[in-house]
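> Structure of the sequence below:
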Amino acid sequence: MMEEVKAVGSALSVHGHNVKVTEVVKDGDVLTFLIVSQKLTGTGEYHVHRTYDDFEWLQQHLFSQEEELGIQGVIFPPLPGKAQVNTPAKVLKQLGFLGLGEWRLYCRALETFLRQIATHTILGKNKAVEIFLTSSEPPGGQRTKKNIFNRLSQAVEEMRKEGHKDVDEFFQTEREHNHLLTGCCKTAAEKFLDVVQTEQKIAVACGHFAAALQLCVEPGEDPDKQAFTHACVKLSQVFECMKRNMASVAENNASTLGLSLDLDYRYQEAEKEMLFRRTCKLVEVETARKNVEKAKPIKKTAMEEVLKAAQTDFEQISSVAKKEITRLQGARVEMLQQALVQLCEKQLLTAKENADQFNRQLQAFRGMA
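Modelled structure (predicted):
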């Protein structure tokens, strides 16, 4: 087993923006993903196999960087939910676009997760990232320290802090904006998923009707039967074209705007978690300040040290958080713009291809007349 991971300041030995998840292998109920990373030196590549548990291991090590100044102000790239070989309906609903049965979409989501970590100015420095991308040994069995999210999940009573008034107008406004935007992003992703699933159902129905028309074929020399059979065959071909067309439209929607909406929603949730951690630290500072005011002279010095440390942590978290929010706002706009452009390009190409196919079918019907 590899040695305990510690954060370091060295850069990665791979091109973080070029990490790829190229393949998924099914072994019973376990999914293994092939990750390819290009080396900074030379033209070689690292090829490593990782399970979802390994991805969780990486995420936990990033969460556990308590010694990193301002780490709680980081908006951690969201890890997609766990996919399964035989995905139950409940998990399928949670995965959204990533649970449509197309492993290529899920691999792209994991690929995005890794790229965002590897290129992050703080997270990319963690030794766990280097090990995950380059080591031939599976990292999942290593121990992880208690992380900053354990406290959040343990203390249900801390949820009351979500409504705590912020001392900084910037963060108060951002919290309100995030609360509204999270709901809107979730609704948009769910509604667009309904559209894609409807398109998939239409494609399947067209395929069934095309197959049913083939059953109408009748043998024999009767001219009427031959004409009817010929018409059914041609009409079946038309519906087969419609099936391929609708399937392509659905795939285009899912692989462009669908993935972007899904990622956007998960990032809003990640920002919400960061803002909550900062609010918890704010409450800690205010509590420490009250303790100083109430402290007896013999304990006042110690209480003041606690307050000073909490204030320093809070200021560092706020500083990192502002940069993270600004970065996220710019990145999400660019991401959605690229998704819309890619969607239009793919749908235009699909429309041209299908217009040619339908035109050929039309000419065939005219020839029959």
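> buried stuff in stretch 118-132?
By neighbour count on 16 or more other C-beta atoms under 10 Å, the buried set for stretch 118-132 is 118-120, 122-132. Using the backbone N, CA and C atoms, a C-beta is placed for each residue, glycine as well.
> quick one: low-confidence parts of the protein?
1-11, 86-92, 140-160, 369 (pLDDT under 70).
> what about residue 117, neighbour count?
Neighbourhood size, residue 117 [other C-beta atoms under 10 Å]: 25.
> wait, doesn't it sit right on residue 125?
No. Here residue 117 does not reach residue 125: they are 10.5 Å apart, not a contact under C-beta atoms under 8 Å.
> Which one of the buried residues of stretch 118-132 is nearest to residue 31?
Nearest to residue 31 out of these is residue 132 (C-beta to C-beta; 16.4 Å).
> That closest one: what secondary structure?
Counting by DSSP: H, G, I helix; E, B strand; the rest coil, the backbone at residue 132 sits in helix.
> ok, it to residue 292 distance?
43 Å (C-beta to C-beta, to the nearest Å).
> Now do the strands in the stretch 201-350 of the chain.
Along the stretch 201-350 of the chain, no segments are classed as strands by DSSP state E, counting those that start in this stretch.
> Could you pull out the helices in it for me?
In the stretch 201-350 of the chain, the helices defined using DSSP state H, counting those that start in this stretch lie at 223-253, 259-294, 297-368.
> from the buried residues of stretch 118-132, which ones fall inside helices?
Assigned to helices by DSSP state H, the following of the buried residues of stretch 118-132 qualify: 118, 127, 128, 129, 130, 131, 132.
> Out of these, the closest to residue 29 would be?
Distances from residue 29 to these, taken as C-beta to C-beta, are shortest for residue 132 (22.4 Å).
> Quick one: classify the residue nearest to the closest one when sequence neighbours are not counted as helix, strand or coil.
Counting by C-beta to C-beta, 6 or more residues apart in numbering, residue 132 lies nearest to residue 58, which is 4.8 Å off, once chain neighbours are set aside. State at residue 58, reduced to three classes by three-state DSSP: helix.
> re the thing from before, hey, which of the helices of the stretch 201-350 of the chain is tucked in deepest?
Scoring the helices of the stretch 201-350 of the chain by mean neighbour count under mean count of other C-beta atoms under 10 Å gives helix 259-294 as the most buried, with a mean of 19.
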